[in-house]
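Novice: Give the three-dimensional model of this entry:
(chains A and B)
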Amino acid sequence: MAIAAGRPTDLPEADNPLTAGLERLPVAPTTLVIFGATGDLAKRKLLPALYNLAHDGTLPERFHLVGVSRGEKTDEEFRAECEESIRQFSRREPNEQVLRALLADVRYVTGTFDDDSVYTELGKVLDGFEKQAGEPLNRAFYLSTAPSFFPVIVEALGSSGIAEHDQADVRVIIEKPFGTTLEEARELNRTVLSTFEEQQIFRIDHYLGKETVQNMLAFRFANGMFEPLWNRNYIDSVQITAAEDLGIGTRAGYYDQSGALRDLIQNHMLQLLCHVAMEPPVNFTAEEVRNEKVKVLLAIPEPTLQNIDEMSVRAQYSRGHSGGEDVPGYLEEEGVPEGSTTETYAAMRLEVDNWRWAGVPFYLRTGKRLARKITEIAVTLKPVPHLAFSQDGSLGVQPNQLVLTLQPNEGVSLRLGAKIPGTRMSIRPVNMEFLYGTSFLSQSPEAYERLITDAMRGDATLFTRNDEVEAQWRICDPIVGAWAQTPGPLAQYEAGSQGPAEANLLLDEGHRWRAI
Amino acid sequence: MPRSDAVWSEQGTTPDAIEAALRRLLQERHAENEGFVPARVLNMITFVDREWSGEIANRLRGVGRYHASRTLVLSFEPRRTRMDAHVSIVSEGDPTRGEFALLRETVVVEIGERHLDDLITIADPLVVSDLPTLLWSPHGHNEVVGELLTLAQAVLVDSVDEPDAHEGIDRACLLSGQAYVVDLAWLRSTPWRERVAAAFDPPRLRGELRAIESLTVRHHPDSTVAAMLLIGWLASRLRWETEPLTAEQDALAGRARDADRNVVSLRLEAAPELQVRGLEGLTLKTTNGHELALDRGPGGLHARDRNAAGEQREWTILGASRGETGILGEGIRQALLRDPTYVPALRSAQGLFT
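Specialist: Reported below is the predicted structural model:
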């Protein structure tokens, strides 16, 4: 122990007493390396998120950014591109001084991701930053590339030695999709875990970074009134919908390889299901929250070849109308291969076979070019056991329904039965609405701002763990495989509609899809 | 872009009439388009001298999304005998299909000396029930604040507004016993507190917090209280006992005893060149020769760190200045939060006076 002027100074303190009461906790000095730094995600999301974190003073006090990509360019040219992206896509007008300071030291390393010299050069840049800082800097490697490069980059990070650091934390952030099949996900996990420990790995599912998704946990576990009802005794069914009114736009290349099931259900929608169905965690640490989510996923029976047709539906949008305009069908979209059998709509009926949820159907559906954009979770309660008003024109009585809307208007709505004013005891459903936007002053930060900060702080609560990803694939992989074996023709639904009629076949008697 | 959607005004009015007008205007807006929904976050009661009410209105307009959902401005003109009122309901735009647009209400009530005795009966019907209420009286009027505090859960103050630093801190201490105090002087020090906390956050450096031997804070000449609050914060977090400061040339100096009874030298230096209220910089030194200085700079705080071997490094800690309207907006937002470190800091700062 060093003694300085009679006082011990090198004893590590368990907690930093200065962080009490601070809304923004310190983030350790970090160099962030973005692989695929000139790609669309980096331009639209990552660089603007970094600027906004800088603007708010939320970045680490020592922060360096390095871009890695194939295109040949100088540091200055890359800085100019970063500036352009931030000006175009930032959620706020950039402050010139902050922008200049953020970009002043940005570096660029050029080369293909399988080229050893890229990592040698990157290592020099990282060492240079540490020398300049006079202290070890954490390293965060953000893989924002095509998925096929994930194993290539991870292996090269390992073999080059830059993924190891004795005095600082090294982390890797991996974008979705994490594999396109269960086997691919397992293989990628094996590769990544051969270089990094699980606690160093941050698998992005940007839905988890949305305030709305985090609010679901607050809604369930900070309010005593719902928990007694939150089980098979009172809940009749759960519907999770992620509908978009837009088509695939310019993303045909990606989307046609992916489809609705891989694009949304395998990751985002199963995460929403977990948030609805999970048990209260002991605490909100990353491990406890993820343990509970994995239990839910493992309680969902794996689809079998025999029941896939009964529990899943896929379809493609055909020509129709959206927003008052004629819009093309999927096969007529630019860049879509002729005769493509990629689904633009997928729906599933799942069950969670555990004590709390046995027998309660969970209906999931997602699609492009539906009637409108909405993401919601509707929890329908069982009807009352006895209807005392049945003789008094009570045809309007419907089961209570709790709807958690994630977008476009985050809120909670509860459908109740109420008496229609008048002399007769007539009942009709009314809605009690709560809109988050009316009750908070703060704007929700972009999901990527939260996720980048959490990854740099080493908090993995909002990232998916290896067993979680594999458990998600365990549910979707048999369907992906079966659909690949029976390529078509696919059911069609008119663009701008509620989706294919075939989706109704998934529903139990007496159930129906909510209007989109 | 906010725009005024509905207005109502009446001379010689009553709180009942104002409240009825508010209800009617809100119903009309909702009937016109059900996408119009009133914000229901926070009431804010502002007691202002009428001659300065325009300036306050400008400041409130600048807070953007942190505007209270209902703002009640009690505009005071001593010789006024008649109560006049003006109500405006502003939306942030027209709701498009499937979206909603928030409505925010502003009620300006012109009152005189004769209304002060029954001020509660004027303000109470005009705040939204069951919402937290923030009280702000930027032009003093401490007796009015005392009365209106029965309606509020939080009070907004700017301790640097008090002509005397000692009075500013004593006043904030007094108020903190009656309501939650949001002090703009404290909020101006937030980035500094965050950065000092970050500087000592690596576990290998936390031990140095026990070895601080001196602290110098440079501040706007009118912001002595902000500097004292920063010292009070460190003192309360690190269990220092503060001792009264004495005046030196353009500075206040003194000392504290840390948890091990070692002396920590304290110095507050006025920085006349600083154009805005708040802090200009700070320097911390530890007994092992480590020195950390933070100063305002372009694009964020300029950090200078010198280790025991004399090696010096400088860098910029990124962050945009919030400006005075940003600080006020932050003050309104903070009325809905609770910072447990302010009152202890305030009490430690009290120890800097005889």
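Novice: Helices of chain A, start to end?
Specialist: A:40-41, A:47-55, A:75-89, A:96-103, A:116-133, A:150-160, A:182-195, A:211-221, A:252-260, A:270-277, A:286-298, A:308-311, A:447-457, A:466-485 (DSSP state H).
Novice: Any chance of CSV for the ones you listed, columns mean pLDDT and mean neighbour count?
Specialist: Where C-beta positions appear, they are placed from N, C-alpha and C, glycine not excepted. Shown next, in CSV, are the helices of chain A (pLDDT from 0 to 100; neighbours: other C-beta atoms under 10 Å in any protein chain shown):
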stretch, mean pLDDT, mean neighbour count
helix A:40-41, 92, 16
helix A:47-55, 96, 26
helix A:75-89, 97, 17
helix A:96-103, 95, 20
helix A:116-133, 96, 16
helix A:150-160, 97, 19
helix A:182-195, 96, 17
helix A:211-221, 87, 17
helix A:252-260, 90, 18
helix A:270-277, 96, 24
helix A:286-298, 96, 19
helix A:308-311, 94, 14
helix A:447-457, 94, 22
helix A:466-485, 95, 19
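Novice: right, and these - which one's nearest chain B?
Specialist: With C-beta to the nearest C-beta as the criterion, chain B lies closest to helix A:96-103 of the helices of chain A, at 3.0 Å.
Novice: Show me what that closest one is packed against.
Specialist: Other elements packing on helix A:96-103 under the criterion 3 or more C-beta pairs under 8 Å, 6 or more residues apart in numbering or on different chains; DSSP states H and E are helix A:47-55, helix A:75-89, strand B:300-306, strand B:312-318.
Novice: Let's have the ones you listed in JSON lines, adding distance to B:Ser176.
Specialist: Listed next are the helices and strands packed on helix A:96-103 as JSON lines, based on distance: least, C-beta to C-beta, whole Å:
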{"stretch": "helix A:47-55", "distance to B:Ser176": "31"}
{"stretch": "helix A:75-89", "distance to B:Ser176": "41"}
{"stretch": "strand B:300-306", "distance to B:Ser176": "28"}
{"stretch": "strand B:312-318", "distance to B:Ser176": "30"}
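Novice: looking at it, A:Val106 is touching A:Arg79, isn't it?
Specialist: Yes. Between A:Val106 and A:Arg79 there is a contact under C-beta atoms under 8 Å: 5.1 Å.
Novice: Figure out which of the helices of chain A is closest to A:Gly67.
Specialist: helix A:75-89 (5.3 Å; C-beta to C-beta).
Novice: how big is the angle separating that closest one from helix A:116-133?
Specialist: Interaxial angle of helix A:75-89 relative to helix A:116-133 (axes from the mean of the first three to the mean of the last three C-alpha atoms, to 10 degrees): 80 degrees.
Novice: quick one, what contacts residue 239?
Specialist: You didn't pick a chain, so chain A it is. Going by C-beta atoms under 8 Å, 6 or more residues apart in numbering or on different chains, A:Gln239 touches A:362-365, A:376-378, A:380, A:513-514.
Novice: try again with chain B
Specialist: By C-beta under 8 Å, 6+ apart, the contact set of B:Arg239 is B:258-259.
Novice: rerun that using 10 Å as the cut-off
Specialist: Contacts were defined as C-beta atoms under 10 Å, 6 or more residues apart in numbering or on different chains; by that measure B:Arg239 touches A:17, B:210, B:256-260, B:348.
Novice: now swap in B:Val196 and tell me
Specialist: Contacts of B:Val196 by C-beta under 10 Å, 6+ apart are A:18, A:26, B:189, B:209, B:215, B:230, B:233-234, B:237, B:282, B:284, B:292, B:294.
Novice: now, which of the residues you listed lie within helices?
Specialist: Those of these mapping onto helices are B:230, B:233-234, B:237, per DSSP H.
Novice: what is A:Tyr363 paired to in the beta sheet?
Specialist: A:Gln239, A:Arg349 (DSSP bridges).
Novice: and it, how many neighbours does it have?
Specialist: By other C-beta atoms under 10 Å in any protein chain shown, the residues close to A:Tyr363 number 22.
Novice: Report the separation between it and A:Val296.
Specialist: Distance of A:Tyr363 to A:Val296, given as C-beta to C-beta, to the nearest Å: 16 Å.
Novice: Over to A:Asp166?
Specialist: The gap separating A:Asp166 from A:Val296 is 39 Å, by C-beta to C-beta.
Novice: A:Ile86 too?
Specialist: On the measure of C-beta to C-beta, A:Ile86 and A:Val296 end up 39 Å apart.
Novice: Repeat that for A:Thr285.
Specialist: Shown here: A:Thr285 relative to A:Val296, a distance of 18 Å by C-beta to C-beta.
Novice: B:Arg277 now?
Specialist: Distance from B:Arg277 to A:Val296, by C-beta to C-beta: 52 Å.
Novice: quick one: low-confidence ranges for chain B?
Specialist: B:1-4, B:97 (pLDDT under 70).
Novice: and B:Arg65, backbone torsions?
Specialist: phi -70, psi -10 (degrees, to the nearest 10).
Novice: Enumerate every residue touching it.
Specialist: Applying C-beta under 10 Å, 6+ apart to B:Arg65 gives the contacts A:440-443, B:39, B:92, B:102, B:329, B:332-333.
Novice: Contact residues of the stretch 151-300 of chain A facing chain B?
Specialist: A:167-168, A:245 (C-beta under 10 Å from any C-beta of the partner chain).
Novice: ok, and the most crowded of the residues you listed?
Specialist: A:Asp245 (19 neighbours).
Novice: quick one, what contacts it?
Specialist: A:322-323, A:327, A:367-374, A:495-496, A:516, B:98.
Novice: Are any of those buried, and if so which?
Specialist: Neighbour counting over the contacts of A:Asp245 (16 or more other C-beta atoms under 10 Å in any protein chain shown) leaves A:322, A:327, A:367-372, A:374, A:495-496, A:516 as the buried ones.
Novice: Of those, just say which sits nearest to A:Gly123.
Specialist: After measuring the buried ones among the contacts of A:Asp245 against A:Gly123 - C-beta to C-beta - the closest member comes out as A:Lys368, at 43.0 Å.
Novice: With adjacent residues omitted, what lies nearest to the closest one?
Specialist: Spatially, and ignoring its direct neighbours in sequence, A:Lys368 is nearest to A:Thr344 (4.5 Å; C-beta to C-beta, 6 or more residues apart in numbering or on different chains).
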